[in-house]
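Visitor: following is a predicted model, sequence given first.
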Amino acid sequence: PTRDEQRRAEAELAHGDAATDLYVERGYPETSNAGLLLLAVFAGIVTIGAAAIATGLAKADAEADLTTLGAVGAAPRVRRLYTGFQCAVVAGMGVLLGTVTGVLPAVALRLAEGRHALAHMRESPMSSAYTPVELPWPTLAALAVGVPVLAGLLAALCTRSRLLAPRRAT
């Protein structure tokens, strides 16, 4: 019903003798996702920064392997691809572990709230025990795919494709 129809029905019910209420379900109210977007951007920045640090440390460890690749005639872009894929894997693992460690406690909290609501419903049968668990799937998908790809591309773009001449130990 429209708002006017709802007001007229409420007015008609107010004239009656019985204690009746009118409730109109309007559906899910669309809200702004700006807070969720800001949280996703912050999580992405933290993940990319951590992946860059981990990749830099791993690259320093793998310098001998990269030198060997260059010595056996691997194309210069192999160094970039190696670093990019390494960073994408590190970022992907970070997103996966961060998502699991964030979602599991949230779901456990909602289930605990559901048990509390069910106990309250037993005392007051007119109350509802409905406690939904809703996950922001588009945001999680964007983080799970977008952040590792972006981290890998940034690492590949920031890596030198040519090897530096190794220094001689004196």
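Guide: The structure has been received and is ready for your questions. Numbers count the residues shown, from 1 in each chain.
Visitor: quick check: closest non-adjacent residue to residue 103.
Guide: Nearest non-adjacent residue to residue 103, counting by CB to CB, 6 or more residues apart in numbering: residue 135, 6.7 Å away. C-beta coordinates here come from the backbone N, C-alpha and C atoms, glycine included.
Visitor: could you pull out the buried residues of the helix or strand bottoming out on mean pLDDT in the chain?
Guide: When each helix and strand of the chain is scored by mean pLDDT, DSSP states H and E, helix 63-71 comes last, with a mean of 79. Residues of helix 63-71 classed as buried: 66, 69, 70 (neighbour count, 16 or more other CB atoms under 10 Å).
Visitor: please apply the same query to stretch 30-40.
Guide: By neighbour count on 16+ other CB under 10 Å, the buried set for stretch 30-40 is residue 40.
Visitor: restricting to C-alpha, output it in CSV.
Guide: Extracted C-alpha coordinates of stretch 30-40, given in CSV (Å, rounded to 0.1, in the frame of the first residue of the first chain):
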residue,chain,number,x,y,z
GLU,A,30,18.6,0.4,0.5
THR,A,31,21.5,2.0,2.4
SER,A,32,24.7,3.6,1.3
ASN,A,33,27.7,1.2,1.1
ALA,A,34,30.2,4.0,1.6
GLY,A,35,31.4,2.6,4.9
LEU,A,36,31.8,-0.9,3.4
LEU,A,37,33.7,0.5,0.4
LEU,A,38,36.0,2.5,2.6
LEU,A,39,36.7,-0.6,4.7
ALA,A,40,37.4,-2.6,1.5
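Visitor: give me the contact list for it.
Guide: 136, 139, 142, 143 (CB atoms under 8 Å, 6 or more residues apart in numbering).
Visitor: most surrounded residue in these?
Guide: The most crowded member of those, judged by other CB atoms under 10 Å, is residue 143 (22 neighbours).
Visitor: and the lengthiest helix in the chain, what does it pack onto?
Guide: Looking across the chain with DSSP state H, the single longest helix is helix 77-123. Under the contact criterion of 3 or more CB pairs under 8 Å, 6 or more residues apart in numbering; DSSP states H and E, helix 77-123 touches helix 34-61, helix 63-71, helix 137-157.
Visitor: ok, the residue lying closest to residue 160 once chain neighbours are set aside - how many residues close by?
Guide: Computed as CB to CB, 6+ apart, the closest residue to residue 160 that is not its neighbour in sequence is residue 79, at 7.1 Å. Residue 79: 22 surrounding residues under other CB under 10 Å.
Visitor: what's the answer for residue 144, then?
Guide: Neighbours of residue 144 (other CB under 10 Å): 13.
Visitor: same question for residue 152.
Guide: Quick note: residue 152 (other CB under 10 Å) scores 24 neighbours.
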